[in-house]
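In: need a 3D model of the following:
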Amino acid sequence: RVVPYSNQLFRKAAIKWLIATDQPIQALEHLGFKEMVDVASHATQGIKIPDCKATCTEIMHMFKSHLTKLRKKLNVCHHSSHYLSVMI
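Out: Numbers count the residues shown, from 1 in each chain. Next up is the predicted model:
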């Protein structure tokens with residue numbers, strides 16, 4: 001069920017989230033939070049929040065992708081990539 005949007009409802013939900021997750025008040029001004037809200041605001045049938053396992057899998061995928069891009073950018077060969085992964 002999609003709840004109709006209102007500024008007051010969003011403000012209350014954001015404050016509840018801050019308190020429940022022990023976030024600093026500045027979290028509401030963080031660009032990442034604003035991006036997440038902007039993405040969710042375009043949902044036409046609500047949003048699906050991933051569970052812990054799916055989130056962990058996505059974090060690992062993003063990390064590996066970031067390392068691959070970093071290796072390419074630094075032009076690291078396979079021999080030294082092992083050293084790089086050990087250091088990180």
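In: can we go C-alpha only for contacts and neighbour counts from here?
Out: OK.
In: tell me the buried residues in stretch 24-40?
Out: residue 28 (16 or more other Cα atoms under 10 Å).
In: please export the C-alpha coordinates of it as PDB.
Out: Taking Å, rounded to 0.1, in the frame of the first residue of the first chain, the C-alpha atoms of stretch 24-40 are listed here in PDB:
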ATOM      1  CA  PRO A  24      23.300  12.300  13.900                       C
ATOM      2  CA  ILE A  25      20.800  15.000  12.900                       C
ATOM      3  CA  GLN A  26      23.200  15.900  10.100                       C
ATOM      4  CA  ALA A  27      22.400  12.600   8.400                       C
ATOM      5  CA  LEU A  28      19.300  14.200   6.900                       C
ATOM      6  CA  GLU A  29      21.600  16.700   5.100                       C
ATOM      7  CA  HIS A  30      24.000  14.000   3.800                       C
ATOM      8  CA  LEU A  31      24.100  13.800   0.000                       C
ATOM      9  CA  GLY A  32      23.800  10.000   0.100                       C
ATOM     10  CA  PHE A  33      20.600  10.300   2.100                       C
ATOM     11  CA  LYS A  34      19.200  12.900  -0.300                       C
ATOM     12  CA  GLU A  35      20.100  10.700  -3.200                       C
ATOM     13  CA  MET A  36      18.300   7.700  -1.600                       C
ATOM     14  CA  VAL A  37      15.200   9.800  -1.000                       C
ATOM     15  CA  ASP A  38      15.300  11.200  -4.500                       C
ATOM     16  CA  VAL A  39      15.500   7.700  -6.000                       C
ATOM     17  CA  ALA A  40      12.700   6.400  -3.800                       C
END
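In: of all the residues in the longest helix anywhere in the chain, which ones are buried?
Out: Assignment by DSSP state H gives helix 52-74 as the longest helix of the chain. Counting neighbours by 16+ other Cα under 10 Å, one finds that the buried residues in helix 52-74 are 67, 71.
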